[in-house]
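**Q** All I have is the shape, not the residue letters:
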């Protein structure tokens, strides 16, 4: 069993930055692929970025490449999403998810997480 808690969301101006954290409690954190997803009002949930258990493999959706960076600290059971150059299209509720599948690409594209957090709101507005 894994519990996930997101934090770090908030209101930011266009062009600004935020860092989201996904803290996990439970055992064997290193064995899980972790991903960040987002859902804006009226839109489907989207896989933003995912990272393998070791951190060696990552996946990003095209719209966030070169702006967002995913990382993890297995000693702290935490995954981070550094978001730079934010724009209005990034406004959404951001969720983290954990998957027992070993593929970061598969988690991000299929969205088949085994465990999900409650989400944190990110609003980009002037």
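**A** Now that the structure is in, tell me what you want to look at. Source: prediction; values computed, not measured.
**Q** from here on, contacts and neighbour counts on C-alpha atoms
**A** Noted.
**Q** can you give me phi and psi for residue 99?
**A** The phi/psi pair for residue 99 (degrees, to the nearest 10) reads phi -130, psi 140.
**Q** same question, residue 29
**A** phi -60, psi -40.
**Q** Skipping adjacent residues, who's closest to it in space?
**A** Once flanking residues are discounted, residue 29 sits nearest to residue 77: 6.2 Å by Cα to Cα, 6 or more residues apart in numbering.
**Q** Same check on residue 40?
**A** residue 92 (4.2 Å).
**Q** Check residue 31 too.
**A** residue 53 is the one closest to residue 31 (Cα to Cα, 6+ apart), at 5.2 Å.
**Q** What of residue 38?
**A** That would be residue 94: by Cα to Cα, 6+ apart, it lies 4.3 Å from residue 38.
**Q** Wait, the one you found touches residue 119, no?
**A** Yes. Contact status for residue 94 versus residue 119: in contact at 5.2 Å, counting by Cα atoms under 8 Å.
**Q** Looking at those two, which has the bigger crowd around it?
**A** Neighbours were counted for residue 94 and for residue 119 using other Cα atoms under 10 Å; residue 94 has more, 25 against 22.
**Q** burial of the residue nearest to residue 40, as a residue count?
**A** 21.
**Q** same deal with residue 57?
**A** Counted with other Cα under 10 Å, residues neighbouring residue 57 total 13.
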